[in-house]
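Asks: no FASTA, just this:
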């Protein structure tokens, strides 16, 4: 006879535990902050599979699906995650990252459920199935054919380049003083004849966002493809994704052979290239292509010397070619861009007009990049079409107010910090980088580390490497030490404020 009490207790046990909405909301806020600080590409690549397991009094337990992800996040982003936690849970002083099993329950996941993290999923290299786990499936003939098909699909995926936009070609690229050298170099590479000596290899183009790097790179790919040359255009994220997929599908050799058999390799946003093994493979590919006299074109948002997350050998290869900077847009070029955007808008809205005074006003107040100019035209089109009123300078000013920005602060380099601090405290840069522990050297060194942490986006391990190969804990100690002293020592606080002004003022 069944025991009714026993059945009741079993039903109670089967009821799932209620969701901890407070922790889920806090974790969502933490992830939102990390996404804003690191950027969409970095967050999607490395944090999409990060999950919050549990919270203790002073420790947060997180998990990822692979040891590769665990080691990478611990090495490069642990301090960032801890700082993000401090905003929601000030008591948390430590984070612990583990490798989870597929059945472990979690509080929340970092990825947005509406945007599946494709690259993060690719990092989950499946373990080999056990023969005893499901004997019927392992012995079924169709399982083998399905496995071969998925391997072929993975191989095709790893060897495919990033998609090209047909609109981004040389004919639509507008040239000004700031990008003339980059444009000429790109054309020289794209229209080189087969067998002709390579003059600029690699060609390295760097600029801030929205100044046309991707446009030039895709124009090179379009022109070279039209000339029947073998070209692969890849973003750094796509290269990483392809490499990991090749490892999963056991087609790494085919992946390498494909890259090394082309005429031109074009890599965009190389600053996002992460992972020691991936960087090593990328360096081998660079060496093989250069030795085989194949063209390489690279784009980044900073010069090679500032790519501190990349291996020194890779940076050296980049610097060994032609390095070209695309500067900010001058006013004449901004007017050209606006005229082109207005002409494109009139194809969809024939009645849209922009008078010369309004055009000149917009070009004078928006000095950042082409994307902001696109946004300005979109706002003006919306205002004209939805209200039916003519566009004057006053209405244009109201429409694009949110796009008018003050001049961007100067990009501070760690080398500049070291030089200024050494000069200010009458020591040498070599003293700051040395192992000396005398008081007249230790304090300037700590101040320089503090300024590097507060004025640059570099991580603690990166700063430590730039200060004589020190550990990240040494940098963290220096930052906390100077923060505490500046809160009680008014003179030191004034000195730090002065150094910050000298470093950030243009």
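Replies: Structure's in. What do you need? Note that the structure is predicted; figures quoted are calculated from it, not measured.
Asks: quick one: low-confidence parts of the protein?
Replies: Residues of the chain that meet the criterion pLDDT under 70 lie in 1-20, 41, 101-161, 249-252, 256, 405-410, 505-506.
Asks: the domain parsing of it - what is it?
Replies: Using automatic domain parsing, the domains assigned to the chain come out as 21-113, 170-325, 331-403, 414-504.
Asks: and those, which is most packed in?
Replies: Counting by mean count of other Cβ atoms under 10 Å, domain 170-325 has the highest mean neighbour count of the domains of the chain, with a mean of 19. Where C-beta positions appear, they are placed from N, C-alpha and C, glycine not excepted.
Asks: just how off-centre is that domain within its chain?
Replies: Domain 170-325 sits 16 Å away from the centroid of its parent chain (Cα atoms, centre = their mean, to the nearest Å).
Asks: Stretch 440-450 now?
Replies: 30 Å.
Asks: now swap in stretch 348-356 and tell me
Replies: 37 Å.
Asks: Could you tell me the end-to-end distance of that stretch?
Replies: Start-to-end span of stretch 348-356 (Cα to Cα, to the nearest Å) is 20 Å.
Asks: before we move on, the earlier item: put together CSV for the domains of the chain, with distance to residue 163 on each row.
Replies: Listed next are these as CSV, based on distance: least, Cβ to Cβ, whole Å:
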stretch, distance to residue 163
domain 21-113, 16
domain 170-325, 9
domain 331-403, 19
domain 414-504, 29
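Asks: Give me the contact list for stretch 166-178.
Replies: For stretch 166-178, the surrounding residues in contact (Cβ atoms under 8 Å, 6 or more residues apart in numbering) are 183, 186-187, 190, 211-212, 214-216, 218-219, 222-223, 326-330, 332-333, 336-337, 340.
Asks: In helices, which of those residues fall?
Replies: Here DSSP state H is the test, and the contacts of stretch 166-178 give 183, 186-187, 190, 214-216, 218-219, 222-223, 332-333, 336-337, 340 as lying in helices.
Asks: Just give me the closest of those residues to residue 241.
Replies: Nearest to residue 241, judged by Cβ to Cβ, of the ones in helices among the contacts of stretch 166-178 is residue 214 at 17.8 Å.
Asks: distance of the nearest residue to the closest one once chain neighbours are set aside from residue 202?
Replies: Leaving aside its sequence neighbours, residue 214 sits nearest to residue 268 (Cβ to Cβ, 6 or more residues apart in numbering; 5.7 Å). From residue 268 across to residue 202, the span is 13 Å (Cβ to Cβ, to the nearest Å).
Asks: just residue 428 next, same as before
Replies: Relative to residue 202, and taking Cβ to Cβ, residue 428 is found at 35 Å.
Asks: Quick check on residue 265: phi, psi?
Replies: phi -110, psi 120 (degrees, to the nearest 10).
Asks: So it is in contact with residue 296, correct?
Replies: Yes: assessed by Cβ atoms under 8 Å, residue 265 is found in contact with residue 296 at 5.1 Å.
Asks: hey, what's in contact with both of these two?
Replies: residue 289.
Asks: Can you get me the start-to-end distance on stretch 199-215?
Replies: One end of stretch 199-215 sits 22 Å from the other (Cα to Cα).
Asks: so what's residue 395 up against?
Replies: 383, 389.
Asks: which element is it on?
Replies: For residue 395, the host element (DSSP states H and E) is helix 393-399.
Asks: Could you point out the helix or strand that follows that helix?
Replies: The first helix or strand that comes after helix 393-399 along the chain, using DSSP H and E, is helix 414-424.
Asks: Now do that next one: which elements does it pack against?
Replies: helix 429-433, helix 439-455, helix 490-504 (3 or more Cβ pairs under 8 Å, 6 or more residues apart in numbering; DSSP states H and E).
Asks: could those helices be laid out in JSON lines, adding distance to residue 318?
Replies: As requested, the helices and strands packed on helix 414-424 are exported to JSON lines (distance: least, Cβ to Cβ, whole Å):
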{"stretch": "helix 429-433", "distance to residue 318": "24"}
{"stretch": "helix 439-455", "distance to residue 318": "23"}
{"stretch": "helix 490-504", "distance to residue 318": "26"}
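Asks: wait, which of the ones you listed is closest to residue 304?
Replies: Comparing the helices and strands packed on helix 414-424 by Cβ to Cβ, helix 439-455 comes nearest, at 19.4 Å.
Asks: and the closest one, what does it pack onto?
Replies: helix 414-424, helix 429-433, helix 460-466, helix 472-488, helix 490-504.
Asks: How far does the first one sit from its chain's centre?
Replies: Right, the one you point to is helix 414-424. So, by Cα atoms, centre = their mean, the centroid of helix 414-424 is 27 Å from its chain's centroid.
Asks: if we can go back for a sec, nearest to residue 384, of the helices and strands packed on helix 414-424?
Replies: Judged by Cβ to Cβ, the one of the helices and strands packed on helix 414-424 that comes nearest to residue 384 is helix 490-504, at 39.3 Å.
Asks: quick check: angle from the closest one to helix 439-455?
Replies: 50 degrees (axes from the mean of the first three to the mean of the last three Cα atoms, to 10 degrees).
Asks: angle of helix 490-504 against helix 414-424?
Replies: 130 degrees.
Asks: Also compute the angle for helix 490-504 relative to helix 472-488, please.
Replies: 120 degrees.
Asks: And the strands in this protein?
Replies: Using DSSP state E, the strands found in the chain span residues 51-55, 59-64, 94-99, 108-109, 203-206, 231-235, 264-268, 295-300, 322-325.
Asks: Turn those into TSV, including distance to residue 307.
Replies: What follows is those, written out as TSV (distance: least, Cβ to Cβ, whole Å):
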stretch	distance to residue 307
strand 51-55	30
strand 59-64	25
strand 94-99	26
strand 108-109	30
strand 203-206	9
strand 231-235	16
strand 264-268	12
strand 295-300	7
strand 322-325	12
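Asks: mind checking which of those is nearest residue 487?
Replies: Per Cβ to Cβ, nearest to residue 487 of those: strand 94-99, 23.6 Å.
Asks: which ones are touching residue 348?
Replies: Counted by Cβ under 8 Å, 6+ apart, residue 348 has zero contacts.
Asks: Kindly report the same for residue 293.
Replies: 198, 201.
Asks: Who's the closest spatial neighbour of residue 67, skipping the chain neighbours?
Replies: residue 99 (5.4 Å).
Asks: Fine by me, we can end here.
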